[in-house]
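Participant: Everything below, folded, please.
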Amino acid sequence: MNSTMLSFNRRVRTTPYSNRVEEAGVTAYTVYNHMLLPTLFDTPESDYWHLCQHVQVWDVSGERQVELNGPDAAKLAQMMTPRDLSNIELLQGKYGPICNAEGFILNDPIVIKLAEDRFWLSVSDSDVKFFAQGLAQGYGLNVKVFEPDIFPLAVQGPKADDLMARVFGEIVRKIRFFRGEILQFRGVEMYVARSGWSKQRGFEIYMPDWSLGEALWDELFANGEDLFVRAGCPQGNERLESGLLSYGNDMDEFDTPFECGLDSYLDFDADIESLSLPALKAMVGKQTRKLVGLAFDRSPHMQPSRLGGSDIEIDGEIIGEIRSQAWSFRYNKNLALAMLPLSYIDNNDSITIDGQTSIFHPIPFNFDLFV
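Facilitator: This next block holds a predicted model:
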């Protein structure tokens with residue numbers, strides 16, 4: 001770690017848990033939706049194995065909510081995503097990529113239905129609120145669009161059920177994946193969902209009261225000592241192993257769902273009003289690129305690209321880009337997600353970078369090939 005400082009101001013917001021995160025020994029942050037997001041506490045390997053074996057509490061307040069509230073809330077939510085939301089149940093969350101009228105991805109939130117006229121878009125790192133406000137105004141919809149004071153706290157790891165049951169009651173064990181319940185902490189109601197940005201099982205607590213942040217954090221730690229609870233954060237190595245895409249890294253506003261393997265979330269046959277569906281229907285069969293998985297015995301030396309990834313150069317020509325990469329402590333491989341031309345993928349079954357060769361892996365990776 002170097003000693004570079006991050007300047008704090010109103011453009012980079014702290015969270016209700018920031019004091020506790022600092023006390024827990026955070027060593028690195030990033031900025032996510034204009035808020036602090038921890039990225040490291042001990043070492044990448046220690047953080048990883050602890051998540052896979054025990055339970056961690058994550059400050060993910062940067063996972064902001066865009067609330068759609070009013071008679072046209074469901075209409076606006078559906079307009080923003082090509083996934084059919086007509087059958088979404090109360091307190092259910094659905095992964096719903098948001099695309100513009102040209103079919104490019106603007107965000108990939110979880111769409112949560114809180115009432116018939118109230119939805120949350122639990123967004124990735126981009127300013128979706130302004131897109132939603134523009135649509136609401138432009139189409140004359142009767143809906144308020146705003147960012148509510150909601151500060152998610154994630155409890156992740158194989159012992160998450162035990163810890164959450166001690167704080168919120170045994171009902172948490174019955175919550176299904178991407179479903180939630182309205183539960184109470186110190187008399188305050190909050191949405192608790194079985195979800196989170198890892199594949200190690202867990203929950204997200206959508207805490208609505210800044211003043212309760214440290215109390216909730218302390219209660220989780222007080223009840224988790226024998227479970228070896230500790231502070232943690234989303235981890236690049238675990239999420240690559242799990243095949244979880246990161247908006248702004250693996251995909252952005254210049255990519256389409258077809259290129260990023262999100263075809264299954266495009267409901268072409270549904271009778272819905274979605275802004276992007278006409279353009280996406282016209283794209284069928286016309287994609288020229290694809291996001292694939294690569295695995296190497298060591299991290300390849302790459303040239304940084306202008307977009308923030310690493311250029312893939314073959315015979316002196318830049319043909320693609322590595323979007324994300326991280327070391328897998330479980331499989332002793334350097335995992336990467338790369339955007340490559342279909343013409344290259346169709347004519348080759350592998351690629352050689354910096355003297356190392358990898359076949360093209362599906363996303364999520366097929367780890368049977370590593371053992």
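Participant: just the helices in the stretch 101-250 of the chain please.
Facilitator: Taking DSSP state H, counting those that start in this stretch, the helices of the stretch 101-250 of the chain run over residues 128-138, 160-168, 213-222, 236-242.
Participant: looking at the ones you listed, which has the lowest confidence?
Facilitator: With a mean of 94, helix 236-242 has the lowest mean pLDDT of the helices of the stretch 101-250 of the chain.
Participant: roughly how far is it from the heart of the chain?
Facilitator: 11 Å (CA atoms, centre = their mean, to the nearest Å).
Participant: Check which element follows it along the chain.
Facilitator: Of the helices and strands lying after helix 236-242 in sequence (DSSP states H and E), the nearest is helix 277-283.
Participant: Can you spell out the domain ranges of the chain, please?
Facilitator: Domain assignment for the chain by automatic domain parsing gives 18-63+150-240, 65-146, 288-371.
Participant: Make JSON lines from those and add mean neighbour count and distance to Ser246 to it.
Facilitator: (C-beta placed from N, C-alpha, C; glycine too.) JSON lines is the format used below for these (neighbours: other CB atoms under 10 Å; distance: least, CB to CB, whole Å):
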{"stretch": "domain 18-63+150-240", "mean neighbour count": "19", "distance to Ser246": "7"}
{"stretch": "domain 65-146", "mean neighbour count": "19", "distance to Ser246": "8"}
{"stretch": "domain 288-371", "mean neighbour count": "16", "distance to Ser246": "6"}
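Participant: nearest to Gly202, of the helices of the stretch 101-250 of the chain?
Facilitator: Closest to Gly202 of the helices of the stretch 101-250 of the chain, according to CB to CB: helix 160-168, at 4.3 Å.
Participant: who are the neighbours of the closest one, in terms of helices and strands?
Facilitator: In this structure, helix 160-168 packs against strand 180-185, strand 202-207, helix 213-222, with contacts taken as 3 or more CB pairs under 8 Å, 6 or more residues apart in numbering; DSSP states H and E.
Participant: again, 7 Å this time
Facilitator: Under the contact definition 3 or more CB pairs under 7 Å, 6 or more residues apart in numbering; DSSP states H and E, helix 160-168 sits against strand 202-207, helix 213-222.
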